[in-house]
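for reference, the sequence and a predicted model appear below.
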Amino acid sequence: MRLFVSEYLCSGAVEPATSPASLLREGRSMLLALAADLARLEGIDVCTTWHAGLGNWPLPDVDAVMVKSAHDEEAAFRQLAEGCDAAYVIAPELDNLLWQRCRTVEELGRSLNSTLDAIALTSDKLRLFEHLRAAGVPKIPTQSLQNLGEPEFLCVVKPRFGAGSEETFVVTDAAAFRQVSATVDADEMIVQPFVSGTPCSVGAFFDQGGRLLTLLPPAAQHLSDDGRLKYAGGHCPLETPHTAALNNLVSAAAGAIDGLRGYVGFDLLIPHASPDQPLLVEINPRLTTSYLGYRALACDNLAAWLLPRTPPTDALHWRNARVTFRPDGTIAEAPAGTALTQGAGP
């Protein structure tokens, strides 16, 4: 089986120098991790595209087409997608990039990603809130910045479509709210209350029919405390007595959305005031940076769960350790239960 894996920011579709450095690091780390894992599976040949400006392609067991321009990448993307048995796309949701690139492989009948409808729904944080509210799934309240009166403080202003905590602001008062509102496009921004709690995520694998196959352990998210909530990686597993509540919430959200396929990341919050009632923050219909930690913690090759053939039937096995992961792919390991060093957590 020949499998095409494409990561937008490294692919040559865009000049690396024009991409947010944080997203480029995350994209590179996810691409290398997934491509390496897939290449280790029996009977799988993996190919990708790689911008020549990023240097030599580092994985000898994975074929990479070196490209120098967006025009070359567009042609190579379609050629590789057409020539492969299946394709998996990694891209940020901003500017509809994930949906657009998945549409190409979906039209070719090669996509291992979620359906286009599922990607469109989950990429739109406002529309997702309204959809899940109607389904009775607890999600952090979300409003459009456009025509919004003064919100309650603290609040969070962030893009309606986006990834990686880009353009995210914790707003403390009316003056700060007016200042932020004046610097952004209100049509493209949302407002959520700032809820004090533990940010975390749960990864999940779905089959190609949209059936939830397995949930991965909760992972802590490490966010900056500078008022921007910048993503700095995380650690897994998150040691919490609320795992069952988190899993129930993810299962409920998954059941309310048709077309989730492959790997999906669910961002969650365990409120300090009501830890037994977690909230869904957003859903990422693609590979997420948490995969870096999960693959280091797992005894099994997680990439096997992504393939369209019959998924593994045995339960996943995990090592008795705690893995800290960074967006650049850096991994640190400690025995389970070890206290975090200062600065490692949120």
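Received, thanks. Numbering: from 1, shown residues only.

so what are the domain limits for this structure?
Structurally, the chain divides into domains by automatic domain parsing as follows: 2-113, 141-193, 196-335.

end to end, how far does the shortest one reach?
Terminal residues of domain 141-193 are spaced 7 Å apart (C-alpha to C-alpha, to the nearest Å).

quick one: closest of the domains of the chain to R133.
domain 141-193 (8.5 Å; C-beta to C-beta). Glycine gets a C-beta too; all of them are placed from N, C-alpha and C.

from the chain's centre, how far out does the closest one sit?
A distance of 21 Å separates the C-alpha centroid of domain 141-193 from that of its chain, computed with C-alpha atoms, centre = their mean, to the nearest Å.

same deal with stretch 233-251?
That offset, for stretch 233-251, works out to 16 Å (C-alpha atoms, centre = their mean).

what sits against E93?
Going by C-beta atoms under 8 Å, 6 or more residues apart in numbering, E93 touches W99, I119, S123, F161, G162, A163, N284, P285.

ugh, typo on my part, it should be V202
L215, L216, P217, P218, A219, L246, N247, V250, G265, F266, L268.

what's the most distant pair in those residues?
Largest separation among these by C-beta to C-beta: N247 and G265, giving 14.2 Å.

from the centroid of this protein, which residue is nearest?
The chain has T288 as the residue nearest its centroid, 3.1 Å off, counting by C-alpha atoms, centre = their mean.

pull out the buried residues from the helix or strand hosting L269.
Following DSSP states H and E, one finds L269 within strand 262-271. Within strand 262-271, the residues that qualify as buried by neighbour count (16 or more other C-beta atoms under 10 Å) are G262, Y263, V264, G265, F266, D267, L268, L269, I270.

and of those residues, the nearest to A75?
G262 (25.4 Å).

ends of stretch 83-102, what's the gap?
Terminal residues of stretch 83-102 lie 16 Å apart, using C-alpha to C-alpha.

equivalent analysis for stretch 155-163, please.
By C-alpha to C-alpha, one end of stretch 155-163 lies 18 Å from the other end.

give me every residue that touches the nearest residue to W318 once chain neighbours are set aside.
Spatial nearest neighbour of W318, chain neighbours left out: L297 (5.5 Å); criterion: C-beta to C-beta, 6 or more residues apart in numbering. Residues in contact with L297 (C-beta under 8 Å, 6+ apart) are P217, C236, P237, W318, R319, A321, V323.

need phi/psi at the closest residue to S69 other than its chain neighbours.
Nearest residue to S69 in three dimensions, chain neighbours excluded: G12, at 6.9 Å (C-beta to C-beta, 6+ apart). Main-chain torsions, G12, degrees, to the nearest 10: phi 100, psi 0.

hmm, back to that, could I get the contacts of V202 as TSV with distance to R178, pLDDT and secondary structure?
What follows is those, written out as TSV (distance: C-beta to C-beta, whole Å; pLDDT from 0 to 100; DSSP: H, G, I helix; E, B strand; the rest coil):
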residue	distance to R178	pLDDT	secondary structure
L215	42	97	strand
L216	41	98	coil
P217	42	97	coil
P218	37	98	coil
A219	36	98	strand
L246	36	98	helix
N247	41	98	helix
V250	37	98	helix
G265	33	98	strand
F266	33	98	strand
L268	31	98	strand
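
run a quick neighbour tally on the residue nearest to S69.
27 (other C-beta atoms under 10 Å).

quick one: it and E188, what's the gap?
Per C-beta to C-beta, to the nearest Å, G12 is found 27 Å from E188.

pretty sure P285 contacts A120?
No: if you go by C-beta atoms under 8 Å, P285 and A120 don't touch, sitting 9.2 Å apart.

residues of stretch 146-166 that come out buried?
148, 151, 155-166.

with stretch 52-70 instead?
For stretch 52-70, by 16+ other C-beta under 10 Å, it's L54, W57, V62, D63, A64, V65, V67.

and if you look at stretch 293-307?
Quick answer for stretch 293-307 (16+ other C-beta under 10 Å): G293, Y294, R295, A296, L297, A298, L302, A303, A304, W305, L306, L307.

the inter-axis angle of the longest helix that the chain contains versus strand 262-271?
Ranked by residue count and defined by DSSP state H, the top helix of the chain is helix 21-39. Between the axes of helix 21-39 and strand 262-271, defined by axes from the mean of the first three to the mean of the last three C-alpha atoms, to 10 degrees, the angle is 130 degrees.

show me what helix 21-39 is packed against.
strand 2-7, helix 8-11, strand 45-51, strand 86-90, helix 290-297 (3 or more C-beta pairs under 8 Å, 6 or more residues apart in numbering; DSSP states H and E).

please export the C-alpha coordinates of the third one as CSV.
Taking Å, rounded to 0.1, in the frame of the first residue of the first chain, the C-alpha atoms of strand 45-51 are listed here in CSV:
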residue,chain,number,x,y,z
ASP,A,45,5.3,2.8,1.4
VAL,A,46,5.1,6.4,2.4
CYS,A,47,5.7,9.5,0.3
THR,A,48,5.4,13.3,0.8
THR,A,49,6.5,16.6,-0.6
TRP,A,50,9.2,18.8,1.1
HIS,A,51,10.1,22.4,0.6
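
good, wrapping up.
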